[in-house]
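A.B. asks: Coordinates for the following, if possible.
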Amino acid sequence: MGGSDGLTRMQATARRDGGGGFRHTVQVRDHQLSVDEPLHVGGHDTAPSPQELLAVSLASCTAITMEMYAARKGWEIGHVEVSVEYSPAERGCPTKFELVMRLPDDMPDEQAERLRVIAAKCPVHRALDGEVMFMERVERVHMAA
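C.D. replies: Modelled structure (predicted):
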């Protein structure tokens, strides 16, 4: 959704599902997805965790960015796969993302290198790599049962 300042704004709303645990339904535009936590932290492991969805966002955005760039260049690149391993920040260590971009073995080296460079420019990569600002507030509302 576009904001009055001309910037693109996205919105997601998480609502707790019934049944205990930490399962939530997330609404994004006209789409719904489920989020949960693994068993070892008290969830029921019925869906990916929020942190896993961060890796999902980076992997899918990277793949789509490469594919869009290739399409604009008229390149037939065939099968593209992006794998992301994510290690959350721990005391004294930064957050780490390891991206592996799997491209066809017959792709010219110049195309593969250009796609590697373009991959780092995907919107999710830029958001994670850039300055982040949080504005938080609490709104008290009556919740219907």
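A.B. asks: what's the longest helix in this protein?
C.D. replies: helix 50-73 (DSSP state H).
A.B. asks: Kindly provide the distance from the most centrally placed residue in the chain to Cys122.
C.D. replies: Centroid-nearest residue in the chain: Ser57, 1.5 Å away (criterion: Cα atoms, centre = their mean). When Cβ to Cβ, to the nearest Å is applied, the distance between Ser57 and Cys122 equals 10 Å. In this view, the C-beta of every residue, glycine as well, is placed from N, C-alpha and C.
A.B. asks: now the strands for this protein?
C.D. replies: Counting by DSSP state E, the segments of the chain that form strands are 13-16, 24-28, 31-35, 81-87, 96-102.
A.B. asks: Any regions of the protein where pLDDT drops low?
C.D. replies: Low-confidence segments of the chain, defined by pLDDT under 70, span residues 1-7, 145.
A.B. asks: can you do 90?
C.D. replies: 1-10, 17-21, 78-79, 88-95, 130-135, 140-145 (pLDDT under 90).
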